[in-house]
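> using only what follows, build the 3D model:
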Amino acid sequence: MLGIVLGEIKGRVMAKQETILYLEDDDFPGFNLSFWVGVGGLNERGDVMLIQALFNFIADGHEISRTGLPSAARLPVLTGILDGRTIEAITAFQLRWMKQLLPSFAGKVFPLPAGYRMKSLSDKAPMLHMLNVMARDSTGGPSNPLPKAMLKAFPELLPLIRP
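Numbering: from 1, shown residues only. Next up is the predicted model:
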C-alpha cells in the first residue's frame, strides 16, 4: 500500500491510493474505495468523486464507448455527490463489460477485496479493478503513474488528499 489517503471527513477515511495487484509482475499504483458507491451506499464524498473522476479520465484517454455511455455529454460531473449521471455511468459500464466483470449489484461499485489479483486476462474482475486498469491505460505509460496523472487532470481531488 502506498499510504496516501484521499480526504478525511469527520474522522472517516475516504478513497485511498493503493497498489493494484494485476497480472504477475504488473502491479501498479491506483485507487480503492473506503465504502461502496451507488444506490443505498454510504457514498462518501471522496469515494463518489473518485468514481466520477475515473469515468472522466477513462473517457478522455479512450473512446467514450469504453465507459458504456452513449456520449461524453452523459459523463458525471465531479461533485462528490451521487447523482443520476453517476448512477447511469456505473450501470452503463456494468452493462458494457458484463461478460468481463464479476457478478455484482447493478449500479453499485464495491471496494476491491484485500489481496485480489487477476491471474490471467480471461479472469473476471471486480468493477473497480477494471476501472483502475482502464484508467492506468489512459495515462500514457509507466512514467506517468495513475494517481499523479489523475490529480493533474482533476485538481478538484487535490483538497481531498491528506499528506
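> and the longest helix anywhere in the chain, how far from the chain's centre?
When the chain is parsed with DSSP state H, its longest helix is helix 45-61. Computed by CA atoms, centre = their mean, to the nearest Å, the chain-centroid distance of helix 45-61 equals 6 Å.
> mean confidence score for the helix or strand just after that helix?
Per DSSP states H and E, helix 45-61 leads on to helix 84-96 as the next helix or strand towards the C-terminus. For helix 84-96, the mean pLDDT works out to 96.
> could you number the chain from 801 rather than 1 from now on?
That works, and once the first residue is 801, the last one we named lands at helix 884-896.
> okay, helix 884-896 in CSV with CA atoms only?
In CSV, the C-alpha atoms belonging to helix 884-896 read as follows (Å, rounded to 0.1, in the frame of the first residue of the first chain):
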residue,chain,number,x,y,z
GLY,A,884,-28.3,10.4,-11.8
ARG,A,885,-25.3,10.7,-14.1
THR,A,886,-23.0,8.9,-11.7
ILE,A,887,-25.5,6.0,-11.3
GLU,A,888,-26.0,6.0,-15.1
ALA,A,889,-22.3,5.8,-15.7
ILE,A,890,-21.9,2.9,-13.2
THR,A,891,-24.8,1.0,-14.7
ALA,A,892,-23.7,1.6,-18.3
PHE,A,893,-20.2,0.4,-17.5
GLN,A,894,-21.6,-2.7,-15.9
LEU,A,895,-23.8,-3.5,-18.9
ARG,A,896,-21.0,-2.8,-21.4
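> which outside residues touch that helix?
The set of residues external to helix 884-896 that reach it, using CB atoms under 8 Å, 6 or more residues apart in numbering, is 837-839, 848, 851-852, 855, 865-870, 874-877, 901, 904, 906-909, 927, 931. No exception for glycine: its C-beta is placed from N, CA and C like everyone else's.
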